[in-house]
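next one to model:
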Amino acid sequence: MRYSDDNILLHTQRDTQISRFKAWVLFFVPLAAILFQVYVPLFFQFLAYLELPLIVTVYFALMRRSPVGGLLVGAFVGLAQDSLSKNPLGMFGITKTIIGYVAASVGLRLDVDHPLIRLILGFFFYVFHQFIFWALSRSLLAQQVPFETQRTLVLALLNAIVAVSLFHFLDKLKERS
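Below you'll find the predicted structure:
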């Protein structure tokens, strides 16, 4: 793929293309990400930093380029993750719903097929996810949890690198038109 200098960041209206996926991809990929998030860290503690449900939510929201679709993907993934985690029901649901909506809105404006943009968005959305979760924990649950900025930034970079790799793999699951 070749990118001109003026088309790396912004799309023109005719360049905006909504990606389509088969129904099984839209169901099983988020399910696999949630199951990975819940069960794999029980056996491999060093993989607990990965936030695969967030990465999958961001990917499908960016590719569908529909704020309502991103909102629904985020709500589905977040509530499913809540049901299998030890967190209060709704915390991931609210957080991932907001992330899905914002990611889909960003997908309307940016060329999200470029790897550098994907890296930056993966980093940004991880930090944004952690901030929203922290704010909700403080406001809704009245928990005085600290926001660990340095740890969040390092984990955001690691998740962004994984996101670029996973996005490349998920691109292969798109329906060809």
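
now the strands for the chain?
Counting by DSSP state E, the chain forms no strands at all.

any stretches of it with poor pLDDT?
For the chain, the stretches with pLDDT under 70 are 1-17, 177.

and the longest helix for it?
In the chain, assigned by DSSP state H, the helix with the most residues is helix 115-140.

how distant is that helix from the center of its chain?
The offset between the C-alpha centroid of helix 115-140 and the centroid of the whole chain comes to 9 Å, using C-alpha atoms, centre = their mean, to the nearest Å.

again with stretch 169-177
In this view, stretch 169-177 has its centroid 17 Å away from the chain centroid, taken as C-alpha atoms, centre = their mean.

stretch 87-102 now?
The chain centroid and the centroid of stretch 87-102 are separated by 11 Å, computed with C-alpha atoms, centre = their mean.

which residues touch that stretch?
53-54, 57-58, 60-61, 67, 70-75, 77-79, 81-83, 85, 125, 128-129, 132-133, 136-137, 140-141 (C-beta atoms under 8 Å, 6 or more residues apart in numbering). C-beta: built from backbone N, CA, C; applies to glycine.
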